[in-house]
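# Need coordinates for the following:
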Amino acid sequence: CSSGLALYKDVTARVLATIEADFGVPRLYPAGALMTRIWADDVIPSDGMDIQPGHAYWNPHVDKANRASYDYSALLYLNTHCEESGGAQPTRCDYTNTNQPSFGGGRFAWLDDTQDVVIEPRAGRLIYFTGGLENLHQVRKVTAGTRYVIGMWFTCHAQLEYSDDELPQAAA
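Got it, this is the predicted structure:
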């Protein structure tokens with residue numbers, strides 16, 4: 001458990017430093033993080049982890065509207081998008097591989113009046129952006145398999161930094 005926490009803290013610190021450097025922000029603070037697991041309708045697991053049954057995750061939204069402290073957002077993909085296709089060189093996807101699962105659908109899209117900008121998820125790919133109205137976005141519906149992502153949010157305000165009261169003081 002402690003090695004997982006150390007890895008999470010290292011990844012968060014590296015993402016925070018990247019956003020600070022790329023956006024020229026003098027200091028950011030973690031505002032929260034969440035590992036999400038989104039599955040296709042035919043894959044709903046029976047492990048009790050369907051926290052919000054029926055939640056329409058594909059609805060367009062702005063992160064700062066969810067929580068005012070979300071000044072910057074980041075997504076780290078843990079698995080890769082794959083769509084099966086036929087033809088001369090068919091693409092086959094393994095949606096059930098527990099070591100390296102793929103998923104169909106579930107692309108990230110920034111929504112624009114003239115043309116959406118769509119990101120194809122790849123394991124290890126990091127995307128980050130400001131959390132305001134300028135970045136209306138959505139996750140397209142997952143059609144096969146399960147999509148795994150770590151979402152991270154950062155704030156410009158020290159007083160809004162997230163703290164987890166459940167973590168032991170030595171680990172915090």
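# Other residues contacting the helix ranked longest in the chain?
In the chain, with assignment by DSSP state H, the single longest helix is helix 2-23. The contact list for helix 2-23 (CB atoms under 8 Å, 6 or more residues apart in numbering) reads 25-28, 30, 33, 72, 74, 76, 126, 128, 130, 150, 152, 154, 171. Every C-beta, even on glycine, is put in place using the N, C-alpha and C of the backbone.
# List the buried residues of it.
11-12, 15-16, 19 (16 or more other CB atoms under 10 Å).
# and if you look at stretch 137-145?
Judged by neighbour count (16+ other CB under 10 Å), stretch 137-145 contains these buried residues: 137-140, 142, 144-145.
# Tell me which residue lies farthest from the centre of the protein.
Farthest-out residue of the chain from its mean C-alpha position, per CA atoms, centre = their mean: residue 88, at 34.0 Å.
# Doesn't that residue lie inside a helix?
No: Residue 88: not assigned to a helix; according to DSSP: H, G, I helix; E, B strand; the rest coil it is coil.
# and the longest strand seen in the chain, how far from the chain's centre?
For the chain, the strand with the greatest residue count under DSSP state E is strand 142-155. Its chain's C-alpha centre and that of strand 142-155 lie 3 Å apart, by CA atoms, centre = their mean, to the nearest Å.
# Stretch 150-160 too?
That offset, for stretch 150-160, works out to 14 Å (CA atoms, centre = their mean).
# Output it as PDB, nothing but the C-alphas.
Output in PDB follows, covering the C-alpha atoms of stretch 150-160 (Å, rounded to 0.1, in the frame of the first residue of the first chain):
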ATOM      1  CA  ILE A 150      -6.800   8.800 -13.200                       C
ATOM      2  CA  GLY A 151      -8.400  12.300 -13.100                       C
ATOM      3  CA  MET A 152      -6.500  15.000 -11.200                       C
ATOM      4  CA  TRP A 153      -7.500  18.600 -10.400                       C
ATOM      5  CA  PHE A 154      -5.400  21.500  -9.200                       C
ATOM      6  CA  THR A 155      -6.100  24.900  -7.700                       C
ATOM      7  CA  CYS A 156      -4.300  28.200  -7.600                       C
ATOM      8  CA  HIS A 157      -5.400  28.800  -4.000                       C
ATOM      9  CA  ALA A 158      -3.500  27.300  -1.100                       C
ATOM     10  CA  GLN A 159      -6.600  27.400   1.100                       C
ATOM     11  CA  LEU A 160      -8.500  25.200  -1.400                       C
END
